[in-house]
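**Student:** sequence and computational prediction follow.
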Amino acid sequence: MTDTPRFATEWLTLPDLVEVLGESLGRVRRLLDDGYLVGSRRDGVLRVPSVFIVDGRPLPSLRGTIIVLHDVGFDADETIDWLLTPEETIGVAPIEALLAGRKSEVRRVAATLA
């Protein structure tokens, strides 16, 4: 583990996601299965960083970025860690760049991580 400060975010459980997204548990699980969201087991409970939700929906640019990261061999934990940790070539945490509309830049950097 590094001492690099990670992007601060709350963590949402599946019941939290059902409430925030206004979707059924089955639909929330499908969003995870289909790569619209990525979660990690924290303290034995599957959780998703709340920063991945914008205006009650998964951040639109997240899915393609998750796919690129999985294609280069990242598992869910590595994907979340990369998204939340400042990336030198981007200048900020990749999630900050995605929130600012810089998805092409983020995906270009992610594709080089293999």
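**Tutor:** Here it is on my side, so go on.

**Student:** use CA for all of it now, contacts and neighbours both
**Tutor:** Noted.

**Student:** which residue ranges of this protein form helices?
**Tutor:** With helices called from DSSP state H, the chain shows them at 14-21, 25-33, 62-71, 76-84, 94-99, 103-111.

**Student:** please identify which of those is closest to residue 45.
**Tutor:** Set against residue 45 and scored by CA to CA, the helices of the chain come closest in helix 14-21, at 8.7 Å.

**Student:** average model confidence for the biggest strand by length in the chain?
**Tutor:** Criterion DSSP state E: the longest strand present in the chain is strand 45-49. What strand 45-49 shows for mean pLDDT is 96.

**Student:** of all the residues in that strand, which ones are buried?
**Tutor:** 47-49 (16 or more other CA atoms under 10 Å).

**Student:** what sits up against that strand?
**Tutor:** 9-14, 37-41 (CA atoms under 8 Å, 6 or more residues apart in numbering).

**Student:** that one pairs with which strands?
**Tutor:** Note on strand 45-49: by DSSP bridges, its sheet partners are strand 11-13 (antiparallel), strand 40-42 (antiparallel).
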